Each structure stands twice: as C-alpha cells, then as structure tokens.
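Student: this one's structure only:
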C-alpha cells in the first residue's frame, strides 16, 4: 500500500505542476466523495431496512398482522416463546444436520471433481465437461418428481426426509464444479510438475501442495454448501410433505405465511427468521474474506 | 486401467439396482393379475363366518396417519382416543395426527396417494380432483346412509359425484358474511352496499373483500342477480359439462354492482379478519375469523348478512357460496382396515364430534341435529351465516381451473372504462369456460352412431372407426326392429346424416339382429351390415 | 446482404459499421452456426458408423487370432484375465457378469418387457359385501416400469461396454505376453489408482452421483414428454399412463385450433423470461460495477463497512428476506400503509396487482438481491486492472468517463464474458426471486385457461413448477416445457459462446 501511495504522490505533484488550478481539483474531489458518501449511506439504509424491520417486528407483542409502523408499541419476547412451542426446534435441528453433513460431503465431491478437471488431461475430459454443461441446461425443477419417487423407493421421504435430502444435495453437487475449477486453474501448474519430477504421487500433490494453497476455495465451498439447505424449500417441501418431522426451517416457516395462518403467525415468522439468520449471517461475516476470494478467483473464470 | 474404474462403477450400479429392484421386486411378481384378482374373493369367504358376531371381525390394532388442519390437531387426537375407548368393535387405532392444511392436503394426496394420510380433511372444492386421483375410498351402503340421513343437503351434494358418495361432511360453515366496526358504520347502513362504501370513504377506512384474487368471494355478486354456475361430474370425478350464466344480462348487472365496490379508493382485496387491525371498517369473511375479529374489535364487532346493491332502481342482495369441509378415507387394500377406518370417520363426523368441534373451534356443524342446537344458533358468526343462507348457493363440484378463470373478472371490472368493457370481460370469461370442454381436432372429425338403440335414447354416441378411406363402421350393435338411428360428426348435430343424406330422416331397423352401422362419406350413404 | 471488403468496411461510419455487423450476424453468422451444427451432426454419424465398423471387425479379429483363453472370455467374462494371473480384474469381470445375469432373470427382464406398454392392468375397486367396504387392488405401476425400464437399459449398455472391455483386455494381454513383457498385477492396478490413474479414483464417486441423481432423472423426464403422465394418470393409484408419441409437443406448439392458447402462453412467457433475464443481468452488472467503483474510489473510508452492509443480502436466506420484502410491498403491506399514513398517496400502489408494476418491482428488488454479488466480483477484477493504464490515460487528458469506457469497461467485459452468459441463463431459471416475491402473479387472464394458470411475472421455470404442482398435475406438459427451456438456453449459450472472445482457449489462463 505504502509503496503505491508514494508513487501516487509523486505522480500527483507532476500532474499538479502542469495544472495550476489544483485547488479546484481538490474541491471537485471532495464534492464527488461527498456525493459518493451520500449514495452509499442511502444504499446502506435501503439494504438494511428490511432486516431491521424483521428484527423489530419479531419483538412486537400487539397485533400480529402487518401494521403501518415499524417500532413496536409494546415490546416483548412473546413471539420467541411461541416460536419454541411449535415444531421449530425440530426443523432447526433438521436443517442444521443437513447443512453440516452436506457441507462436509459436498466439499469433498466438488473438490475431487474440480481438481481433476483442472489438473488432469485425460481422454474423455473435454467430452465430460461438455456433457455436464449440457446437463446443466435442463431445468432442475423438472427432475423433482422422479427424485421424490426414487427417494421414496429407498424409504427416504416424509419423516426420513433428512437423509434423503442430504443424498440428493450431495449426489448432484458434482455439477457445481465450475467455480472451484476456475480457482484451481489459477494455481500455477508448474508446482505440480516440479513435485512430479521429485517423485511425488498425484495423491500426495493434492494433499501436500494444492490443498493448502486452495484454502479460500475450500472454505468458499464449505460455506456455500452449508448455507444452501437453509434456503431450500421447493424440493424440501416436495419430499417432506405430510409430516413436520422431516421438514426444514424453510418449509415449516413457509406455511406460516399461508393465507390462513399469516394473520396469527406473521410476527412469529419474523422471530423465526431472526433465529435462522443470526448464525448463518455470523458465520458468513466471519468467513467473508474467503467468500470474496472464492467468488472473484473462481466465479469469473468458471 | 479404465476398465477397473468401469468395473467399479458398474458394480456400484448393480448394487443400486438391486436395492431398487428389491423393494419393487415384490410388486413385480404381484402384478400377475390372475393371482391378485382372486385375492379379494378369498378375503370375503374368510371374513364371512365372523360376520355373525356383529362387527367384532374389525377388532384389532391399526397404525394410521390422520391429516387435519393445524388448529384441530389436539382435538382430533383426543377424539380418536375417545373412539378407541368407546367403540363396540374392539378397534384400536395408533394414530399419528399431523397438521396439514386443508388445501395442502389435496395437493399432497395428488402428488403421492400412497404417502397420504389414511384419513384426511379437505375443503370441498378439492373433492372432484381427489376422486379423479383415486385418493378417496367410496363409501359402503351403511356409511352412505349415515351421511345422507344426518347431514344437510348442501353438504351431502358436496360429497357426491355421479350419484356415489366418497367423503364425510365435517363442517358446513364455509360461507362468508360481513363483519363491521360498529364505531364506524351506523347500524342503518348495513343493508346497502352504496351506503357502506360511502361510510368507508368518509372515514378513510377499508372495505375489505377479496374479489380480485378469489373467485369464491367474487361470485357472490353474480349469485345476487340470479346467475348460476353449476358443474356436472361423473362417478370418476371427471367434469362433463357446465351450466354457467355469468355472461348474461343478469351478469352485466352483477358486474355493475361489483364495479361500485372495486373502484372505490377504500376497497381492499383481502378477506382477512386481521385487517381490522390495519385500518379496515368492513371485512367480508367467514366464521373462521370470528376469534380474530372479536379480539380486535371487542364490543364494536358487528356481524351480519351481506348488503344489497342497487342497479337501475332494483335492489340485489349479495349472494354467497356455502361450502363445507369434508373428511375422506384413503383407498385401502385391506378390507378390514378400510371398514375400521370408515367407522372412525363416522365417529369423527358424527353429532357428538361436530359439537365438540363447535365448542372448541367454533366450526359450524353439518350435522342436522347439531345445527339445531341452541348454542350453535346463538353464536353470532353462525347467526350471520344463517341470515345469509337464503342468498347462498351450495358450492357443489367446481372445475379446478374455474377459480383462476373467474377471478379475473374482478380485475377486468376494476380496469373497465365503459359498459362495453364490462361486457367484454364477461365474453372473455365465457370463451375460457367453453374452452375447458373444447374438443380436439380428432374428436371434432370423428363419426359416431346415435339413436334410440341398445337401451339409449338419443343421448349416447357409439364411436365409428375408419375401415377404408372415407368409410366408417361401428362395432357390432344389437338392434331391435323399429329402432331408429343416425350418424353424426363431432358428437354434434351440425353435421348429421340419415338414410337420405345430409340432415336426412332416421334409419329404421327392419328386424332384430346384430348389425354393423356403416357410413360411406364418399357416397354419403348410410347402411346396416348384418354382423 | 452485400459483403464489404476490409477497405470498404473501414471507410464506413460508426453507426453503419454497427448495422453492418448486426446484418452480418443474421445473414452470415446464424446460417454459419446452423451449418456448423449440421456438419457436426454429419461428422458424428460418420464417426459413429466408422466406430461401429472397427469395433465389429476388431471383435471378429480378436476371436479369430486369440487363444482359447481369449475365446472363452467371449462367454465367461474375465476368464482370460484369471488364467493369465490378473485375478483381481478377472474376478471383477466375472462378478459383474454374474450380477447382470441374476438381475436380468429376476427383475430386469420383467421391467424391460413392460417398457413398450407401460403396464396393462390398472387398479380395481372391489366391494366387500360382508364388511360393506370398498377396497382397491393395485396392479401394474407405470411409473416404476418406466423408471426401472430405463435403469435396465442403462445397465445393459454398461454391460455391453464392460463385455467389450473384457475382450479388449484379452487382446492387449496377449500382445504384451507375446512381446515378452510382464502383465500388471492386481497390486499394480491398485497403486495406479492413486497415481497415474488418480483422476479415475477422484471422479468415480461424483460421477456416479451425477449419473443416478441427474442423468437418470433427466432421461426419465424427457421420456415423460412422450406419455400422458398426469394427476389422473399417475400410473398406479388411478389410471396407468402410456406412450402418446408427439401429441404433447403438438398441443404445446400448434398455432391453430383450440390449443393455440398453449403456444400463445408459451410465447408470452418466453418473451417475458428473456426480458427479465436481460434486465436482471445487466442492471445488476452495471450497478454492481458502479457500486464497486464507488467503494474502491481513493479517499472513501470504511470500505469494509459498506461492503459488509451490502453483503447481508447474500448471507440471509432468501426465503426470509424475499418473503418479507414481498409482504412489505403488498397492497396492505408496510410500504403502502406507511406512505398512506404519511399522506403522500391516497390509494395503495399496486405493486403486485398491476402487471407492469409487478414486473418493474421484481426487477428492482432483484437489483437489491444482485448488486452485492456483482460488487464482490467487480471489486476483485477492478483491483487487477494495472494502475499505470489509468495513470497514462490521465496524462493524456482522459476524463473519468473516458477512462471508464476505454479501460474499465472493456477489461471487465473481457474477463466477465462467460460469467455474463451463465448469469443470463441462470436468471432465466431464477425460480426463487419470482416465486417468493409474486408466485408469478398477477394472473394473466388470456393465459389462464392453460395448465398451471400462468401469471404476468411467471418465468418458464415457475410456470413449469405450477404445472407440476397445479390442480391437474400435468407432468407431461411440464416435461415439454422443460425440454423447451433446455432448447432456448442451449441456443442462446451456443450463439453467445461462439461470439465471446475470452473463452477461446481454456489453457491460456494457466
């Protein structure tokens, strides 16, 4: 940073010498910075409003339907108390287990897939990648019915929906190799070659050399895999219908905004939203750095 | 070395297949139809000796799943326990009671009948769909008698299709009326829609009725002017025709009335009782919102029948649907379990259970005795529903697409600038309704025989097949001397042939016998071939 | 269209150059593209023919020239390998053959034989007079027949491939032995799986998952488009379903008769899907880039805080944030009530009730969702742009706008070309935003007699979902729509892919 600054200062001086009206330039800079600050503050407000509203409404005791104000007239934990008297605990636990197990296996699979496709050159490689590209163009929604039936034949629906959903998430995760392949592509191949010359096996290269370098993408993959089950409600609902034992939070809470229930469950939904969002958000914020590296390193190239 | 991989892959696939095949393997050999068809017969003979002992053949423990609305879970659990304790057959149910909303229950049943609840509640508009999907078990003679004898006529109709009963009426309170805020609306205005709208606009508070997004409420305007929309279903639950008069002079009056409401600035298309908490003065909704509304309004709560609207000097009282919730039993493969489940269903929809439900949840009973109960009559919500009942129309069976086709009328009316626009809205509605029964190209071109033949009286088309280009023949038909018949195209009289050509006179059969009816379109000749 | 020479082209004005380019795209580019497809298909069949020919002659020659071990391997898989000491391989071959035969005899044969009819006997209602109760006897299950039929076909293909492999094995082994070398032992085989064949070990599990949970379902659903599988023909509980040929495509695509409304609805939804994808992609792209540039600007403080605030929308599950926002914009939602309480509006704004309002609102809310992603991506790329480019341009007197159009934008577009394409196609299939915000509404009256009741903001993907879960559950129609989605996405991808500069050579980046 400091080195760059120095260069800039030198550069600026030369520049200013040529233009004597440098005070005007600085003023212009201040104005534009002010405008940017205003825009950024405005944006921050817009971006945060819905979340602040959810938070405030989750503490509202009076009338449970939408009202024309944000700050509760009567504060209290009633909604949270009510929340934990429903099956919410169960849904929460289900989702947490799903997220954890999926994150573990999905990461292994995605890394295997992307590392192989980035590093190895074998006969069917191009064909395989093209084939998966084509597969990816089919809307996944379409396969919902058949996946349900297959899971049902394996006995993994309704109250057993949790392992069933994990199986489907993990099994199809190989398709999402693009981002991390893009990241592996940026790690110089000369490292592998040098190690090969030194007599390391391919497996050793992966463990000892590549993985430590790929820490951001590993964490990125874990993070995205962990977050996905919290939001899935379409397929999860299709698999777990009829029994609240197998539901995840999204499916369970989605029902609260049904026409018949929204009147009585609206603020409870907000409370549930807060309880779901807090751990996921904290985790995300802690690992944000890796997420950014993963996105910029991989997504763009993918 | 790729072989090794291929082998591994293949080996794992084998195991996957075996696993799948294992569970399905049982169903594959079972598909040996001869074997399975005998099974029920054997079942009967086994059950026969036990029959004398008065129903004790049903004794046993059954694990079942029951789907009811969230609010009714606890009560239903208790009622099943009561049934276990009190029934004379020795039936014990180990029931898992799950909260599945009434609308959701039907969707879930159609997705996968096998995974569905053994007993489940649903709103009556799902009934035909469920029969079609094979998700309802037909009632036996005794059960059917129980339903018809104990419930009001509207609810029985709701559970009937093609003359057969497939479900048990659970409530008969699925109708709507008007709640209002007494502190805003003067008592003398409640009978006039125009006065009510004026009151709301003056107070700056909402008149809230969900006409834009729910044809169920919207249709009230049409029923008020005497329009009908009746659907006919057969015993498979399939829709065969409709008698719909929304596109008529009366319909035009109805939309004019509707226009008054939906174009008001204080109109809110929502029928949630909780709207009273957010600036509503009137909400059109049903008994299910009674608790919510009385909690918000307290002593200011008013409940009464719907108002009248005035068009060209005539008053029309807003109509409404009256519907019910039904309880269905999933088709079973085991006759004993089926019979036991039907006993439970009767208990759950019997007078005592309906009264309990009324007391705990304020659900209005469909049971005649329960309806006559003093307490039921005194409930303000139900009283308003009863006041509205002279103007209400039993819901019957309604085509699943109708709701979405019809609700558009309200949106169109909202946007209408002139009477032509209103008429156009009705016309486009009618086109869409008739499109539901439109025939394919193939059906339109098909030829058929029709007449007073084989026990039919000009109401059944016997299909014909093309045997050579332009020559059509029917299957062999048993005809009697004196029978008359014609052939027609597309099951319509637009194109029909008799013995002397287009629109000709009927062909009369000379002597009894089995004949094939032949029509040659090239020569336009109709003839009988002895077969 | 007249084709200009290079010299003529250079003399054209900017606008005419553009028009010319556009014209060439349609008159030459697209035909070339289709010609390319035609050629590729031709090549494929030619190669296929040649391939089958060589395979057959190879099979024949191997048999003719092989020893008795090789020849018996034609019947007993792995026999040759075992005899030659490669016991592990041989046993695996043998095991596979055994399993295959057992499977085909016990279950596979049945499924395969039922595949052409998809079942013969539907369920039957039976009245039990004694108990006065109806029961239902279930027989064939069309769904399982189709599913396991397809699986069996997969299995047979796998078997044929393995059989062929087993024979080639024998030939190679004979060649090696003839030349006096040693055959690989089972130990060698296992070792190579973590070294030179390591990619196979790594790919085995992921590919198996994709095969069973992605490929198989897609094949199945494509086949469903040729059946009448729906809620009242569910293949088991009510009626069996069966093959109907191209009838469903005919229903969906015919432009005449009573089915016209399907094609019209499909067209309408497709157009909106494309409009949506265009706006959703490019508004996010440019605004996200813009925000990134603002935050990155020298002199702006607490950069991290701004980023963190925006990134909240990524962190919080969409079903919470979008559902909540959807209720905020409802007719009696927070925003309308607030505006009315403030006296700024008299009547609720029809955010979700009016088609145009709804469409604009979803695009705007999508900006709220999408900007943070783009901001993150753009930040990374912008930092990589060599600073001296800006410095030298500034010396040359370029203003900020010129710097943007001449340096930043071209650089961004070059790097993010492929990303733009994928984000366009994934926006076409952006189920969550539409479904959670509007569920496709408001209802489109013209399209409402069609399956699934399409609304004005429905994308093809949400329409597909509605058809699947709607009143009639017309799976066959959903399947047709799914195939059409595939066709549209594939077409767009191929056209854009060929036009993009930055994907020409994958290896360039390494």
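Tutor: That came through, no problem. Computed from a prediction, not measured in an experiment: that's the story for all the values here.
Student: get me the contact residues on the stretch 151-300 of chain A for chain B.
Tutor: Within the stretch 151-300 of chain A, the positions near chain B by C-beta under 8 Å from any C-beta of the partner chain are A:152-155, A:157-158, A:238, A:241-244, A:255, A:258-264. Quick note: C-beta positions are derived from backbone N, CA and C, even for glycine.
Student: check what contacts stretch C:319-330 and list those residues.
Tutor: Defining contact as C-beta atoms under 8 Å, 6 or more residues apart in numbering or on different chains, one finds that stretch C:319-330 is touched by A:50-51, A:53-54, A:66, A:231, A:233, A:250, A:253-254, A:257, A:266, A:269-270, A:273, A:276-277, C:313, C:333-336, C:351-352, C:361, C:365, C:368-369, C:432-433, C:436-438.
Student: from the residues of the stretch 151-300 of chain A next to chain B, list the buried ones, please.
Tutor: The neighbour-count test (16 or more other C-beta atoms under 10 Å in any protein chain shown) marks A:152-154, A:157-158, A:238, A:241-244, A:255, A:260-264 as buried among these.
Student: of those residues, which belong to helices?
Tutor: If you go by DSSP state H, those have A:152, A:153, A:238, A:260, A:261, A:262, A:263, A:264 in helices.
Student: pick the one among the residues you listed closest to residue B:351.
Tutor: Residue B:351 lies nearest to residue A:260 out of those, by C-beta to C-beta, at 26.3 Å.
Student: and the pLDDT at the closest one?
Tutor: With respect to pLDDT, residue A:260 scores 68.
Student: and the strand or helix carrying residue B:231, what does it pack against?
Tutor: Per DSSP states H and E: residue B:231 is located in strand B:229-233. Judged by 3 or more C-beta pairs under 8 Å, 6 or more residues apart in numbering or on different chains; DSSP states H and E, strand B:229-233 is in contact with strand B:239-244, helix B:402-415.
Student: CSV for these, including distance to chain A?
Tutor: Shown next, in CSV, are the helices and strands packed on strand B:229-233 (distance: least, C-beta to the nearest C-beta, whole Å):
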stretch, distance to chain A
strand B:239-244, 24
helix B:402-415, 13
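Student: just say which of these is most tucked in.
Tutor: Of all these, helix B:402-415 carries the top mean neighbour count, a mean of 22, counting by mean count of other C-beta atoms under 10 Å in any protein chain shown.
Student: next, the angle from that one to strand B:239-244.
Tutor: Going by axes from the mean of the first three to the mean of the last three C-alpha atoms, to 10 degrees, helix B:402-415 is angled at 30 degrees with respect to strand B:239-244.
Student: what's in contact with helix B:402-415?
Tutor: Here helix B:402-415 has contacts from B:125, B:211-216, B:218-219, B:229, B:231, B:246, B:255, B:258-259, B:262-263, B:269, B:421-422, B:424-426, B:428-429, B:432-433, B:436, C:353, C:442-443, C:445, C:448-449, C:453, using C-beta under 8 Å, 6+ apart.
Student: filter those residues down to just the ones in strands.
Tutor: B:229, B:231 (DSSP state E).
Student: low-confidence regions, the stretch 151-300 of chain A specifically.
Tutor: Counting by pLDDT under 70, the stretch 151-300 of chain A contains low-confidence residues at A:259-260, A:297-300.
Student: in it, which residue sits closest to chain B?
Tutor: Among all residues of the stretch 151-300 of chain A, residue A:263 sits closest to chain B, at 3.9 Å; criterion: C-beta to the nearest C-beta.
Student: going by neighbour count, list what's buried in the strand holding residue B:231.
Tutor: Neighbour counts over strand B:229-233 (16+ other C-beta under 10 Å) mark B:229, B:231, B:233 as buried.
Student: that strand to strand B:239-244, inter-axis angle?
Tutor: Using the same axes, to 10 degrees: strand B:229-233 against strand B:239-244 is 160 degrees.
Student: about what we covered before: out of the residues of the stretch 151-300 of chain A next to chain B, which touch chain C?
Tutor: residue A:153.
Student: next up, phi/psi of the most far-flung residue of chain C relative to its centre, please.
Tutor: Going by C-alpha atoms, centre = their mean, the residue of chain C most distant from its centre is residue C:130, 55.5 Å out. With angles defined as degrees, to the nearest 10, residue C:130 sits at phi -60, psi -50.
Student: who does the host helix or strand of residue B:328 touch, helix- and strand-wise?
Tutor: Residue B:328 belongs to strand B:320-329 when elements are defined using DSSP H and E. In terms of contacts (3+ C-beta pairs under 8 Å, 6+ apart), strand B:320-329 is packed against strand B:119-123, helix B:153-158, strand B:168-175, helix B:215-224, helix B:335-348, strand B:392-394.
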